[in-house]
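J.: using only what follows, build the 3D model:
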Amino acid sequence: MSLVKLTASTMAIAAAFTTAAVAQSRDTVQIAGSSTVLPYANIVAEAFGAESDFPTPVVEGGGSSTGLSRFCEGVGEGTIDIADASRAIKDSEIETCAANGVTDIIQVRIGYDGIVFASDINGPEFAFTPADWYKALAAEVVVDGELVANPYTNWNEVNGDLPDQAINTFIPGTNHGTREVFEENVILAGCEESGAMEAMIGMGMDEDAAEEACMTIRTDGTSVDIEGDYTQTLANLDSTPNGIGVFGLAFYENNTDRLQVATMSGVTPSTDTIATGEYPVSRPLYFYIKAAHIGVIPGLKEYAAFFMSDDMAGPDGPLAEYGLVSDPEIAATQAMIEAEETM
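T.: I've put the predicted structure just below:
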């Protein structure tokens, strides 16, 4: 999608939205969405409140899909100003937004993060490939040329080089953008890597049906969906010491006293291996601004500019210290916010 500068008609929509009542009834920026982006947004919100003349923004989690759903509810004081997301907004969400009057959206890429696979620090070490996770979690797998219900209960049955430990996994729920990245970059990639997808197509499935079969997760209790944030995943690992949890890199790096991280395809996740593209399971992070609220909700544009400043989101800023991989194109993003360019 191309970027275009806000037009006079767009600003007219924002002007129609602006009333004295609205301006006076809410003077705090409201944000909701990704659990992955949540700690970064909290760091920025607290600093923004302390260092500017604007109130500290209200930041909530709930997951990318939930945040974008709230974002697309409409324009006005009763709707949020920004949606945080660990994936790009979908075309279907853009259509929902437009149907509800949210026609001008500014997409801000804040940087990059990795999806990591971590377990109890006192447990065995794991060296995974995407194929291991496909074989462990797919509802059906290819065995002896046939598609059968997943028979695997231990990691060493999936891959003889893995520990003899029960498969107990805690993965992001379907309300999280991390889940979609996990399904596509790990489960689907593993299905292709293992040769299972090719085998399914050889059985007569079309490509779409094979992809769906690859990414359908088993529901026998081996995999547990986590609808909350990463703290809930960590709590589950505390009660299930032989479990494996799916986290964002930053959360893991802030809990290394309790967790150990697995390699993926021979690469240890780190800010360096994500920045170079060597680590295979990384993704960009975003927030989305409701352009019609700029100039209406005090501090909205200023918050976005503050978030993406070199001092906050640059390679030497506090977000990088927490685990964010700085976007090498941050200057272009800063210029886009200043120009109020929409999708």
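
J.: low-confidence ranges, the stretch 1-150 of the chain, go.
T.: Applying pLDDT under 70 to the stretch 1-150 of the chain flags the ranges 1-25.

J.: so which residues of it form strands?
T.: 4-5, 30-33, 58-62, 82-85, 105-120, 127-128, 140-143, 146-149 (DSSP state E, counting those that start in this stretch).

J.: residues contacting Leu259?
T.: Taking CB atoms under 8 Å, 6 or more residues apart in numbering, we find Leu259 in contact with Ala118, Ser119, Asp120, Ile121, Leu234, Leu237, Gly245, Phe247, Tyr252. Backbone N, C-alpha and C define where each C-beta goes, glycine included.

J.: in TSV, list those residues along with distance to Asn42 and neighbour count.
T.: Below are the contacts of Leu259 laid out as TSV (distance: CB to CB, whole Å; neighbours: other CB atoms under 10 Å):
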residue	distance to Asn42	neighbour count
Ala118	21	26
Ser119	26	24
Asp120	27	17
Ile121	25	14
Leu234	17	19
Leu237	23	23
Gly245	21	27
Phe247	17	28
Tyr252	18	23
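
J.: reformat those residues as JSON lines; add distance to Lys301.
T.: As requested, the contacts of Leu259 are exported to JSON lines (distance: CB to CB, whole Å):
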{"residue": "Ala118", "distance to Lys301": "37"}
{"residue": "Ser119", "distance to Lys301": "43"}
{"residue": "Asp120", "distance to Lys301": "44"}
{"residue": "Ile121", "distance to Lys301": "43"}
{"residue": "Leu234", "distance to Lys301": "35"}
{"residue": "Leu237", "distance to Lys301": "40"}
{"residue": "Gly245", "distance to Lys301": "37"}
{"residue": "Phe247", "distance to Lys301": "32"}
{"residue": "Tyr252", "distance to Lys301": "33"}
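
J.: pick the most buried one from the strands of the stretch 1-150 of the chain.
T.: Among the strands of the stretch 1-150 of the chain, strand 82-85 has the highest mean neighbour count (mean count of other CB atoms under 10 Å), at a mean of 29.

J.: so which elements touch that strand?
T.: Counting contacts by 3 or more CB pairs under 8 Å, 6 or more residues apart in numbering; DSSP states H and E, strand 82-85 is packed against strand 30-33, helix 64-71, strand 282-290, helix 300-307.

J.: in its sheet, what does the longest one sit against?
T.: Strands flanking strand 282-290 in the sheet, each with its direction: strand 82-85 (antiparallel), strand 105-120 (antiparallel) (DSSP bridges).

J.: dump those strands to a markdown table, plus distance to Leu324.
T.: Listed next are the strands paired with strand 282-290 as a markdown table, based on distance: least, CB to CB, whole Å:
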| stretch | distance to Leu324 |
| --- | --- |
| strand 82-85 | 13 |
| strand 105-120 | 4 |
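
J.: no more questions from me, cheers.
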